[in-house]
Each structure stands twice: as structure tokens, then as C-alpha cells.
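Colleague: A predicted structure for the sequence below; I have some questions about it.
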Amino acid sequence: MPIFTFALGTWQVQRLKWKVALIDELEEKLHLEPMLLPKQINVAAIPDFTFRKVSIRGHWDNDHAMLLGPRVRDGTIGYHLVVPFIRSEGSTVLVDRGFVAKALAEDAKHLKEDGEVEVMGLLRTSHVRNSFTPDNHPERGEWYWADVGQMAEQAGGVKAGVQPVFVEEIFEGHGGDAASRLAHGIPIGRAPIVDVRNAHASYVATWYSLSAFTSFMFIRLLMKRRAQARLPR
């Protein structure tokens, strides 16, 4: 047990170094100047540009809006509003406009913004689904996790010029702005920060502590047996 837990601790040290390097890389990408997406996006290259700021111009396709969730923001239950964005000079992409309260979610799907708009967002990939996440049911409008490929198909797919490209709209307002948006059913986008979870340091401490504890118990057991072996029979 001491050897096994020590090995796990060492493995978590390696994972910690990898995660720190990854976060540093994403932070560096985040602070680069926003880039313009090409007319036809190379989907295979998207993972290399994750967390890059992008600027897109066009108009919303509210007829194919989707509610992703449920989600919780500051104790309020709601959804994320995902809307296809028809770019003025290029393919259609999917934009996560942000959080809306449950009571106003359906109304938010039909928000109208006349004319061309410009959106600043972060380029992202599909969400990683865990074993507790239910299946999506597009036919019922139920989206529990962002399966970008499936969402693109629901929005019209290749025939409609929709690419499986996912952008999270950025919101940089203050708390008052967010509260006003929440009250009026206007989506609250994400903050421009890297939100990659990093718990490896706690795992390192846990496994090395277990290794030290079991080593101590093992040594005590050996000393006890030696003491018993010295007793006269």
C-alpha cells in the first residue's frame, strides 16, 4: 500500500505539471488579439485554437435556438441559450449566448435583434460528457450537454451551411448589468477567463499523505512483530 499510494502521488505530480502548463497555454491564447474566422472553418484545427477570442459579424437564427441545461447561476436555475449565428461572409456557427433564468428562457429564444450585429466570444469545443449526464433529445428540445455536431445538425447541418463550431459569447459587464439582464431575460455571457478545473495538487497531498501514513503503520507493525519475537517462549 505505501508503494502503491506513493506511485499514485507521483503520477498526480506529473498530471499537475501538465495541467499547469495547459492553463498557462490557454491564458496566453486568451490574451491574444481577437481573430477573424475564415469563411469556411477547418473544424479539425479548432482544438488548437480553443480559448482564442474571435470576432464574428452577422445575424441570429432564432428559429433554431436551443436551451442547454438546466444550469445554475448564483442560486438561480436556468439554461444557456445556444443560437445559430449566420455570418455575413461565411458559414453559420453556434453561439452560446449565456445564461437565462428558467422562467424567461422560452421568451429569450425569440429575442429579436434587427440588422447585423457583432459578437465577441471564445472558441470552444464540445463539452465532455460524464456518466451522470443524460442523453440529449433534440426531437423534444432537450439538450443536457453541448454536443456541437448534433446541435449543428439540428440547426440545419451542412445543407444549411451550419458548421460544428461553438463560440461562447463574452460578457464583461459588472454585477448590476448582470442583474438587469437576468431580470429581463437577456442572456448573460461568460467571463473571459480560463475555467479549467485543477484539483491535482489536492490529489498529490492526499496520496502522499496516505503513503506516509501506511508507511508509518507498516513500520509499527514490523517493530511490534520483532518485539514479540524477542519475548521468551
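Modeller: Happy to help now that I have it.
Colleague: so where's the protein uncertain?
Modeller: The model of the chain has pLDDT under 70 over residues 232-233.
Colleague: Strands of that one, start to end?
Modeller: Assigned strands in the chain, in chain order: 35-36, 53-60, 66-73, 76-87, 92-101, 117-124, 162-169 (criterion: DSSP state E).
Colleague: Which one, of those, ends up nearest to residue 197?
Modeller: When these are compared by CB to CB, strand 117-124 sits nearest residue 197, at 15.0 Å. In short, each C-beta sits where N, CA and C put it, glycine included.
Colleague: Domain ranges for this structure, per the record?
Modeller: With domains defined by the TED database, the chain comprises 1-29+200-232, 32-184.
Colleague: next one: the longest one to chain centre, how far?
Modeller: Domain 32-184 has its average C-alpha position 12 Å from the chain's average C-alpha position, going by CA atoms, centre = their mean, to the nearest Å.
Colleague: Report how far apart the opening and closing residues of it are.
Modeller: End-to-end span of domain 32-184 (CA to CA, to the nearest Å): 33 Å.
Colleague: Put together CSV for the domains of the chain, with distance to residue 190 and mean neighbour count on each row.
Modeller: Conversion of the domains of the chain to CSV gives the following (distance: least, CB to CB, whole Å; neighbours: other CB atoms under 10 Å):
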stretch, distance to residue 190, mean neighbour count
domain 1-29+200-232, 14, 13
domain 32-184, 5, 16
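Colleague: For the residue positioned nearest the centre of the chain, what are phi and psi?
Modeller: Nearest to the mean C-alpha position of the chain, by CA atoms, centre = their mean, lies residue 127 at 5.9 Å. Recorded main-chain torsions at residue 127 are phi -70, psi 150, according to degrees, to the nearest 10.
Colleague: That one touches residue 146, doesn't it?
Modeller: Yes: using CB atoms under 8 Å, residue 127 makes contact with residue 146 at a distance of 4.2 Å.
Colleague: In this structure, mark out all the helices, start to finish.
Modeller: Secondary structure of the chain (DSSP state H): helices located at 2-30, 105-108, 148-154, 175-184, 200-230.
Colleague: now for the longest one, which elements pack on it?
Modeller: Same thing as helix 200-230. For helix 200-230, the helices and strands in contact under the criterion 3 or more CB pairs under 8 Å, 6 or more residues apart in numbering; DSSP states H and E are helix 2-30.
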